[in-house]
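Visitor: here is the input, now give the coordinates:
(2 chains)
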Amino acid sequence: MIYKILLALWMALIIVASFFYSEAAGGFPGETSRILFFHVPQAWIATLSFLLSMIGSAIYLKKRTVDADHFALSAAELGFLFCVLATVTGSIFAKATWGSFWNWDPRETSIVILLMIYGAYFALRSALADPDKKRLFSAAYSILAFATVPFLVFVVPRITTSLHPEDTMNPASPGMDPRTLKVFLGSLLAYTTLFVWMLRLKIRLLRVEDKRDREDL
Amino acid sequence: MKAGLGFVMAVNLIIWCGIAFYLFVLDRKISKLEKDR
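Guide: The predicted structure follows:
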């Protein structure tokens, strides 16, 4: 319970700090770069979730435990949610920076393809009635789906000309303002803890539902 | 203070408070369901 209260306070502190402690990054109109304190951690959590979903699916294929399937499904759902959030915040940033919410930039196009790939994962799950088949096919699909993630997230935007800035929130980039770095790392920590909390909630909920379904039979 | 920055921060804080409240309520409800079962 303590970590949840600390997270609530920490995230509130990060929100205040991202507006009043750090400086706006140069090269962007006005204060628009501040959205990156939220956009980049959301994209990081989406990628992490899809990776965890793939790991959960691989464990399911090996051990055939329901818990592994619950873990894979929960991670995929959260990955999808954070991917949508990263797309929305990215669009707001695009409007302020490039003048349009959507530009079919390689980064934007690849994230839409990623959302469609994981949307198909949920469609596959809902299309199969038999629980064992559902778990087996979705686990196999999740592993295949993750194979596209490094390509769509890291490769495509880098081998093509993109409007998307690469080094604005890269802690390894030289000359990053120390205050900006502190807030950015704090935001990453807050989002990662929030993700852990949400993932555990979702897994617990699936366990309760699963238990209820088995009792009802 | 830059014009409008305080307003955007306040909106963000309100959204976060809503999300945190929802998660706390959900956490309690799931705990109750776990105890009931």
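
Visitor: what does chain A put close to chain B?
Guide: Neighbours of chain B within chain A, by Cβ under 8 Å from any Cβ of the partner chain: A:4, A:7-8, A:11-12, A:15-16, A:19-20, A:31, A:197-198, A:201, A:204-205, A:207-208, A:211-212, A:215. Just so you know, the C-beta spots here come from the backbone N, C-alpha and C atoms, and that holds for glycine as well.

Visitor: let's go with 10 Å and repeat that
Guide: A:1, A:4-5, A:7-9, A:11-12, A:14-20, A:24, A:30-31, A:34-35, A:38, A:190, A:194, A:197-198, A:200-205, A:207-209, A:211-212, A:215 (Cβ under 10 Å from any Cβ of the partner chain).

Visitor: from those residues, list just the buried residues.
Guide: Buried subset of those (neighbour count, 16 or more other Cβ atoms under 10 Å in any protein chain shown): A:7-8, A:11-12, A:14-15, A:17-19, A:24, A:31, A:34-35, A:38, A:190, A:194, A:197-198, A:201-205, A:207-208.

Visitor: next one: A:Leu73 from A:Leu9, what distance?
Guide: 30 Å (Cβ to Cβ, to the nearest Å).

Visitor: which ones among the buried ones among the residues of chain A next to chain B map onto helices?
Guide: With DSSP state H as the criterion, helices contain A:7-8, A:11-12, A:14-15, A:17-19, A:38, A:190, A:194, A:197-198, A:201-205, A:207-208 from among those.

Visitor: which residues in chain B form helices?
Guide: Under DSSP H, chain B gives helices at B:5-36.

Visitor: for it, give me the ranges with low pLDDT.
Guide: By pLDDT under 70, the low-scoring segments of chain B are B:1-2, B:37.

Visitor: what residues does it have near chain A?
Guide: B:1-6, B:8-13, B:15-17, B:19-21, B:23-24, B:26-27, B:29-34, B:36-37.

Visitor: need the buried ones from these selected in ChimeraX.
Guide: Command for ChimeraX, covering only those of those found buried under the criterion 16+ other Cβ under 10 Å:
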select /B:9,12,16,20,23,27,30,33
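
Visitor: contacting residues for A:Val153?
Guide: Shown in contact with A:Val153 (Cβ atoms under 10 Å, 6 or more residues apart in numbering or on different chains): A:Ala43, A:Ala46, A:Thr47, A:Phe50, A:Cys83, A:Arg107, A:Ser110, A:Ile111, A:Leu114.

Visitor: so A:Asp105 sits right up against A:Trp98, yeah?
Guide: Yes: using Cβ atoms under 10 Å, A:Asp105 is in contact with A:Trp98, at 8.0 Å.

Visitor: mean confidence for stretch A:121-140?
Guide: The pLDDT scores in stretch A:121-140 average 94.

Visitor: tell me which residues in that stretch are buried?
Guide: A:Tyr121, A:Leu124, A:Arg125, A:Lys134, A:Arg135, A:Leu136, A:Phe137, A:Ser138, A:Ala139.

Visitor: start to end distance for it?
Guide: Using Cα to Cα, to the nearest Å, the end-to-end distance of stretch A:121-140 comes out at 10 Å.

Visitor: what's next to it, contact-wise?
Guide: Stretch A:121-140 has contacts (Cβ under 10 Å, 6+ apart) with A:50, A:53-54, A:56-62, A:64-66, A:68-70, A:72-73, A:76-77, A:79-80, A:116, A:120, A:141-142, A:144-145, A:210, A:213.

Visitor: wait, which of the contacts of A:Val153 is closest to A:Ile159?
Guide: Taking Cβ to Cβ as the measure, A:Ile159 lies nearest A:Ser110 of the contacts of A:Val153, at 11.0 Å.

Visitor: ok, now how distant is that closest one from A:Ser18?
Guide: For A:Ser110, the distance to A:Ser18 - Cβ to Cβ - is 26 Å.
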